[in-house]
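Novice: quick one, what's the 3D model for this:
(4 chains)
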Number of protein chains: 2
Amino acid sequence: MITRTPLRDHAYQHILQLVHRGELAPGARVKDVTLAVQLGVSRTPVREALLQLAREGVLNADIGRGFTVRSLDSTEMREAGAILSALEVLALTSSPEIPGERLSRLGEIDRQLVSIRGDADRIVGLEEEWHHTLLIGCPNQRLRGMISTLWQVPRRYMRAYLRDTGRVTLSTQHHARIVEAERRQDRQTAASRLTHYWTRGIEELGSWMER
Amino acid sequence: MITRTPLRDHAYQHILQLVHRGELAPGARVKDVTLAVQLGVSRTPVREALLQLAREGVLNADIGRGFTVRSLDSTEMREAGAILSALEVLALTSSPEIPGERLSRLGEIDRQLVSIRGDADRIVGLEEEWHHTLLIGCPNQRLRGMISTLWQVPRRYMRAYLRDTGRVTLSTQHHARIVEAERRQDRQTAASRLTHYWTRGIEELGSWMER
DNA sequence: ATACTGTATACTGTATACAGGATACGAAAG
DNA sequence: CTTTCGTATCCTGTATACAGTATACAGTAT
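Specialist: So this is what the prediction gives:
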């Protein structure tokens, strides 16, 4: 079975990369024709990707004025964070028991997290992978999709925070406590600790941004 | 201040209407050129709308084979319902106190709901309006947006259910109980009743569909 | 009669063309 | 020197054109 993928998907990934790497800085205008040339395609699939990114909150779409990279602001981060928190908790509570093997993988990711020094991209990547691993067993596919999409918001903020403060990690102690509760099959406690993780994290990022 | 709106927004609304009214039945192919003619615009804005609806789960997009109206299935309804439940509860708990005037409006909507007989469209419309009114004070804009978007899923199922069973209403007793708790400023109870509303509603729709 | 293959048609995905509005720059006036 | 108005350019949103793939139909062979 050969699979075709629409050009808009390539474009989508490409633009996302540019935003993550900071090559498209917050506030910058995003010109579809430039991207189309970069990718060697026409404006059409590029615009389709841009429209999607705008809907997801990565870009702003001002009518007649095209697309810009959405600036970081604490309100948005707090809004998205609150939602993500609720959704991840829902995903956790509606998951079947997490197998020991997966719990070990979570520990492994945490060990990598503490061993890394100073690479914000990699830290955020591992952070996200940790959450993804925690929730991969959730049978609600739509929920998992929404969570992945929403992660695009905190990702940007976490990166900026780590870069700016030079902090090495966000949350390994929280991670460990969640895994610990899961190991005891205490789902209730694990969920409340996951909530706590987000509450603390959002607060930390928020106060830094508002400084 | 005059406001332009992109043609894709008109197209979006139009297509949604067609799906709601059943003029585009589940499983039916959606040909962009047909819609474009209907609306008197070109394929481009129509396709933009279709792409968005596909992302939201109203349509399926099969590569090279265009768009079809997504069929109703209980799994999807349960998935979306669980998410919506969590998000509405979050919206409620993060709202400031609901003013008495708004509570009265909720009562008014309920009164309309019981007075109507047999118009599924209108019932679902009022049902949605009730929720919208309840949560309109929520300061988290992104959350409110996500809730509106997600409502597109249960809307279709509720309509089908009401049509098929000939039932007159879904939930006025639940509504009343939620408002009652709110009147006492007992947010905690109101939230748990909202959860209960969704749990029951999803179960009712689910078992009907799986019958 | 049924199944298969080839061809014609339709439709999708992508590219390009076009028109109107927004931005930038410069000239003129205060 | 600063500000305002006008003009030229650029860019966006939309329309149209094109190429390749999927579908439908008909003719032929079993």
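
Novice: helices or strands next to the one helix or strand residue A:201 maps to in the packing?
Specialist: Using DSSP states H and E, residue A:201 sits within helix A:187-209. When contacts are defined as 3 or more C-beta pairs under 8 Å, 6 or more residues apart in numbering or on different chains; DSSP states H and E, helix A:187-209 packs onto helix A:74-93, helix A:141-165, helix A:172-183. Every C-beta, even on glycine, is put in place using the N, C-alpha and C of the backbone.

Novice: quick one: contacts for the residue in chain A that DNA strand C sits nearest to?
Specialist: Closest approach between chain A and DNA strand C, counting by C-beta to the nearest atom of the strand: residue A:42, at 3.0 Å. For residue A:42, the contact set (C-beta atoms under 8 Å, 6 or more residues apart in numbering or on different chains) comprises residue A:36.

Novice: and the pLDDT at it?
Specialist: At residue A:42, the pLDDT value in this model is 96.

Novice: just residue A:73 next, same as before
Specialist: Per-residue pLDDT puts residue A:73 at 89.

Novice: so it sits against residue A:206, correct?
Specialist: No: if you go by C-beta atoms under 8 Å, residue A:73 and residue A:206 don't touch, sitting 10.3 Å apart.

Novice: between those two, which one's more packed in?
Specialist: Taking neighbours as other C-beta atoms under 10 Å in any protein chain shown, residue A:73 and residue A:206 compare with residue A:206 leading, 16 against 13.

Novice: next up, phi/psi of residue A:59, please.
Specialist: With angles defined as degrees, to the nearest 10, residue A:59 sits at phi -120, psi 160.

Novice: ok, it to chain B distance?
Specialist: 14 Å (C-beta to the nearest C-beta, to the nearest Å).

Novice: show me the shaky parts of chain A.
Specialist: A:1-2, A:118 (pLDDT under 70).

Novice: DNA strand C contacts on that one?
Specialist: Selection of chain A residues close to DNA strand C by C-beta under 7 Å from any atom of the strand yields A:6-8, A:41-45, A:48, A:64-65.

Novice: got a list of contacts for the helix holding residue A:201?
Specialist: A:72-74, A:77-78, A:81-82, A:84-85, A:88-89, A:92-93, A:154, A:157-158, A:161, A:164-165, A:170-171, A:174-175, A:177-178, A:181-182.

Novice: so how far is it from its chain's centroid?
Specialist: 15 Å (C-alpha atoms, centre = their mean, to the nearest Å).

Novice: list the contacts for the spatially most central residue of chain A?
Specialist: By C-alpha atoms, centre = their mean, chain A has its centre lying nearest to residue A:151, at 2.5 Å. Residues in contact with residue A:151, defined by C-beta under 8 Å, 6+ apart, are A:84, A:128, A:131.

Novice: if we use 6 Å, what do you get?
Specialist: Residues near residue A:151 by C-beta atoms under 6 Å, 6 or more residues apart in numbering or on different chains: residue A:128.

Novice: buried subset of the contacts of helix A:187-209 as a PyMOL selection?
Specialist: Restricted to buried positions by 16 or more other C-beta atoms under 10 Å in any protein chain shown, the PyMOL selection for the contacts of helix A:187-209 reads:
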select buried, chain A and resi 72+74+77+78+81+82+84+85+88+89+92+154+157+158+161+170+171+174+175+177+178+181+182
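
Novice: is stretch A:8-15 positioned near DNA strand D?
Specialist: No: judged by C-beta under 7 Å from any atom of the strand, stretch A:8-15 and DNA strand D are separated, with a smallest distance of 12.9 Å.

Novice: ok now that stretch, how far from the chain's centre?
Specialist: The chain centre lies 17 Å from the centre of stretch A:8-15; the measure is C-alpha atoms, centre = their mean.

Novice: what does that stretch rub up against?
Specialist: A:39, A:45-46, A:48-49.

Novice: now, the residues you listed that are in helices?
Specialist: Judged by DSSP state H, the subset of the contacts of stretch A:8-15 located in helices is A:39, A:45-46, A:48-49.

Novice: nearest to DNA strand D: which residue in chain A?
Specialist: Counting by C-beta to the nearest atom of the strand, chain A gets nearest DNA strand D through residue A:66, at 2.8 Å.

Novice: helices or strands up against the helix or strand that contains residue A:101?
Specialist: Take DSSP H and E as the rule and residue A:101 turns out to sit in helix A:100-115. In terms of contacts (3 or more C-beta pairs under 6 Å, 6 or more residues apart in numbering or on different chains; DSSP states H and E), helix A:100-115 is packed against helix A:120-135, helix A:172-183.

Novice: on contacts alone, who are the packing partners of the last one?
Specialist: Spelled out, it's helix A:172-183. helix A:100-115, helix A:187-209.

Novice: export these to CSV and tack on distance to residue B:142?
Specialist: Putting these into CSV (distance: least, C-beta to C-beta, whole Å) gives the following:
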stretch, distance to residue B:142
helix A:100-115, 28
helix A:187-209, 14
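
Novice: most tightly surrounded among these?
Specialist: Most buried of these, by mean neighbour count (mean count of other C-beta atoms under 10 Å in any protein chain shown): helix A:187-209, with a mean of 17.
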